[in-house]
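Q: sequence plus predicted model, see below.
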Amino acid sequence: FHVLEVLRTLVDQELLLQVNGIWTWKKQETISKQLTLGTLEILQWSIQQLAKESLYVEKFLQIAVCFGSEFPISMVQRVGDIPSHDTRLVLRLLLQRGIIEPGT
């Protein structure tokens, strides 16, 4: 998880770029700073970026975490008074980013 999040963060912040099919670093000193980030900081930054796409991301996660590693989506939606459309958007964003995984 940590390695993927570091790489996603570097790409999102345009520090790791793909030019003509080749991955290149933007600036070495900036990269070394980014690689010192811990998992918590990377996860926090990822959530902040997702919150720009939906106002309900943080609210959804705050409620879901109260249930533990598995949570009932409908209950999170009801407790947070989150509209169905926004719940689907939040789930899609969190799944795509790897912050949550689908249950079995």
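A: In hand now; what should we look at? Numbers count the residues shown, from 1 in each chain.
Q: what ranges of this structure fall below the confidence cut-off?
A: Applying pLDDT under 70 to the chain flags the ranges 1-3, 27-40, 104.
Q: which stretches in the protein count as helices?
A: Under the criterion DSSP state H, the chain contains helices at 2-12, 28-35, 39-51, 57-67, 73-80, 84-97.
Q: is it correct that D86 is in contact with V57?
A: No. Assessed by Cβ atoms under 8 Å, D86 is found out of contact with V57, at 9.3 Å. Where C-beta positions appear, they are placed from N, C-alpha and C, glycine not excepted.
Q: compare the two (neighbour count), which wins?
A: Using other Cβ atoms under 10 Å as the criterion, D86 and V57 rank with V57 on top: 23 against 17.
Q: any idea how far I100 is from the more buried one?
A: 11 Å (Cβ to Cβ, to the nearest Å).
Q: what is in contact with those two at once?
A: Contact criterion Cβ atoms under 8 Å, 6 or more residues apart in numbering; residues shared by V57 and I100: L94.
Q: which residue packs closest to the spatially most central residue of the chain, ignoring adjacent ones?
A: The chain has S46 as the residue nearest its centroid, 3.9 Å off, counting by Cα atoms, centre = their mean. Nearest in space to S46, with sequence neighbours left out and distances taken as Cβ to Cβ, 6 or more residues apart in numbering, is R97 at 5.8 Å.
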